[in-house]
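**Student:** no letters, just coordinates:
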């Protein structure tokens, strides 16, 4: 069953996605960053090229010929689906194919509307019995201490 992690209280969902992508690369984990639309896909693409001063995060779109060999995919469409390891959701909705992935990552900003939509997604997953954890990245230690929470909204 898919494991679900919520990373909360972040300043920028897209920058946090890049940080998570960098950590995934370090650990040899394949990541699919699901964006809301073409505009956000392009924004995240540009950010991944400039995220680190001395390097970039290797990534392509889902339909790129090298998608099967590239560790990070950034796209708003799942067709094709080059892997099913980790899905990072930057949309405001529950991804239709999330359960095909080993892990789902949800990023929640400080924006009240974003937090409310994330609560709805939390409830959706909890009602279906998924194992979930919350990581508060807004804590002073910035360590993102995880708290496993019971499946409640």
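**Tutor:** Received, thanks. These figures come from a predicted structure and were not determined experimentally.

**Student:** quick one, what contacts the spatially closest residue to residue 22 that is not a sequence neighbour?
**Tutor:** Counting by C-beta to C-beta, 6 or more residues apart in numbering, residue 57 is the residue found nearest to residue 22 once chain neighbours are left out, at 6.0 Å. (C-beta placed from N, C-alpha, C; glycine too.) Counting by C-beta atoms under 8 Å, 6 or more residues apart in numbering, residue 57 touches 18, 21-22, 25, 48-49, 51, 72.

**Student:** and the residues you listed, which are buried?
**Tutor:** Applying a neighbour-count criterion of 16 or more other C-beta atoms under 10 Å, the buried members of the contacts of residue 57 are 18, 21-22, 25, 48, 51, 72.

**Student:** distance check, the nearest residue to residue 72 once chain neighbours are set aside against residue 71.
**Tutor:** Spatial nearest neighbour of residue 72, excluding adjacent residues (C-beta to C-beta, 6+ apart): residue 59 at 3.8 Å. Per C-beta to C-beta, to the nearest Å, residue 59 is found 8 Å from residue 71.

**Student:** of the two, which one has the most company?
**Tutor:** residue 59 (22 against 17; other C-beta atoms under 10 Å).

**Student:** contacts only, for the more buried one.
**Tutor:** By C-beta under 8 Å, 6+ apart, the neighbours of residue 59 are 21, 33, 45, 48, 70-74.

**Student:** which residue ranges of this protein form helices?
**Tutor:** Under the criterion DSSP state H, helices of the chain are mapped to 13-26, 38-50, 112-127.

**Student:** out of these, which one sits most buried?
**Tutor:** Stretch with highest mean neighbour count among these: helix 13-26 (a mean of 18; mean count of other C-beta atoms under 10 Å).

**Student:** quick one: it to helix 112-127, angle?
**Tutor:** 50 degrees (axes from the mean of the first three to the mean of the last three C-alpha atoms, to 10 degrees).
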